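*Asks:* my questions are about this predicted structure, shown below with the sequence.
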Amino acid sequence: MKLGAFSVSLSVKNLQVSKSFYEKLGFSVFGGAMEKNYLIMKNGNSLIGLFHGMFEGNILTFNPGWDESAQPMEEYDDVRSIQAKLKESGISLQTEVAADTSGPGSCVLSDPDGNVILLDQHR
């Protein structure tokens with residue numbers, strides 16, 4: 001399966017403090033906005049999403065159809081195709097994207113240890 005760009009979405013207590021911390025590690029703001037309560041930060045091919053007040057816990061995020069620079073990938077597996085393969089493999093999903101749709105969509109699952117995984121397609 002081609003899952004696209006990978007990032008860790010972190011639930012943070014203070015967006016400015018977290019931004020400053022990750023800047024010291026060499027990350028710079030790539031997307032999002034302070035006034036929207038989230039920032040996407042990048043260091044080379046590494047991506048971290050910082051989110052304040054949007055969800056609890058941290059999330060492993062994959063973006064089918066995007067590379068790590070948020071550029072469209074020529075070849076990728078649509079989130080609906082990935083979802084179908086996961087279900088065929090016996091993996092249960094917490095949320096699903098409607099199979100009869102196209103374009104943006106997402107589904108959520110958890111790994112055996114309870115880590116949340118978001119497959120979030122933007123195109």
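*Replies:* Alright, I've got the coordinates. Numbering: from 1, shown residues only.
*Asks:* show me what the helix or strand hosting L39 is packed up against.
*Replies:* According to DSSP states H and E, L39 maps onto strand 38-43. Here strand 38-43 touches helix 15-24, strand 28-33, strand 46-51, going by 3 or more CB pairs under 8 Å, 6 or more residues apart in numbering; DSSP states H and E. (Each C-beta comes from the backbone N, C-alpha and C, glycine too.)
*Asks:* redo that, cut-off 10 Å
*Replies:* strand 5-11, helix 15-24, strand 28-33, strand 46-51 (3 or more CB pairs under 10 Å, 6 or more residues apart in numbering; DSSP states H and E).
*Asks:* chain center to it: distance?
*Replies:* Mean C-alpha position of strand 38-43 versus that of the full chain (CA atoms, centre = their mean, to the nearest Å) differs by 12 Å.
*Asks:* send the alpha carbons of it over as CSV?
*Replies:* Extracted C-alpha coordinates of strand 38-43, given in CSV (Å, rounded to 0.1, in the frame of the first residue of the first chain):
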residue,chain,number,x,y,z
TYR,A,38,-2.3,24.1,14.5
LEU,A,39,1.1,24.2,12.8
ILE,A,40,2.7,21.8,10.4
MET,A,41,6.5,21.8,10.9
LYS,A,42,9.2,20.3,8.7
ASN,A,43,12.8,19.4,9.0
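*Asks:* what's the mean pLDDT across it?
*Replies:* Mean per-residue pLDDT for strand 38-43: 96.
*Asks:* next one: stretch 103-117
*Replies:* 94.
*Asks:* buried sites along that stretch?
*Replies:* By 16 or more other CB atoms under 10 Å, the buried positions in stretch 103-117 come out as 105-107, 109, 116-117.
*Asks:* that stretch: how far from the chain's middle?
*Replies:* With CA atoms, centre = their mean, you get 9 Å for stretch 103-117.
*Asks:* what about the spatially most central residue of the chain, helix or strand, and which?
*Replies:* Most central in the chain under CA atoms, centre = their mean is T61, positioned 2.7 Å from the mean C-alpha point. With secondary structure defined by DSSP H and E, T61 is part of strand 59-63.
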